[in-house]
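J.: below are the sequence and a predicted model for it; my questions follow.
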Amino acid sequence: MSRPRPKNLNLFTIHFPTPAIVSIFHRISGFFLFLLIPFILWGLDYSLTESGFETLKQWLDTSFIKLIFLIIFIPFCYHLVAGIRHLLSDIHIGDSLKGGRRGAMLTFVVTGLLVILAGIWLW
């Protein structure tokens, strides 16, 4: 008679490796960007008129809207960098255990640098 294996279903006690965390956040950021598509299309449509463009320019001069754009830009940067990492692993660059860990950490570092540069550019 075989005994059932113990099951740990508490996700807070499981230690995920860094590449797994990068992959999960890549999916979450992609979903967030998918939800932003209607707002981006609305802004594009609104900016195509002369009065709408001037109104959007005035909105973008406020610090609060700049902060919102920076917050929205974070998942875009992350999704871009993590997507490039996934594409590189598809062609077997960095797909070893050590390379996967380095690539995962590099994903977080490059995303942070891009966000900092975007913040400097916005202000």
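T.: Now that the structure is in, tell me what you want to look at. Residues are numbered from 1 along each chain as shown.

J.: sketch out the low-pLDDT regions of the chain for me.
T.: Scanning the chain for pLDDT under 70 picks out 1.

J.: can you pull out the helices in this protein?
T.: In the chain, the segments counted as helices under DSSP state H are 18-47, 50-60, 63-90, 97-122.

J.: may I have the second one exported as CSV, CA atoms only?
T.: As requested, the backbone C-alpha atoms of helix 50-60 are provided in CSV (Å, rounded to 0.1, in the frame of the first residue of the first chain):
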residue,chain,number,x,y,z
GLU,A,50,-6.3,70.0,-32.8
SER,A,51,-8.2,71.0,-29.7
GLY,A,52,-7.8,67.5,-28.2
PHE,A,53,-4.1,67.6,-28.8
GLU,A,54,-3.8,71.0,-26.9
THR,A,55,-5.9,69.6,-24.1
LEU,A,56,-3.7,66.5,-23.7
LYS,A,57,-0.6,68.7,-23.8
GLN,A,58,-2.0,70.8,-20.9
TRP,A,59,-2.8,67.6,-19.0
LEU,A,60,0.7,66.2,-19.5
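
J.: who does it touch, helix- and strand-wise?
T.: The elements that helix 50-60 packs onto, with contact taken as 3 or more CB pairs under 8 Å, 6 or more residues apart in numbering; DSSP states H and E, are helix 18-47, helix 63-90. Any C-beta I mention is one placed from the backbone N, CA and C, and that applies to glycine too.
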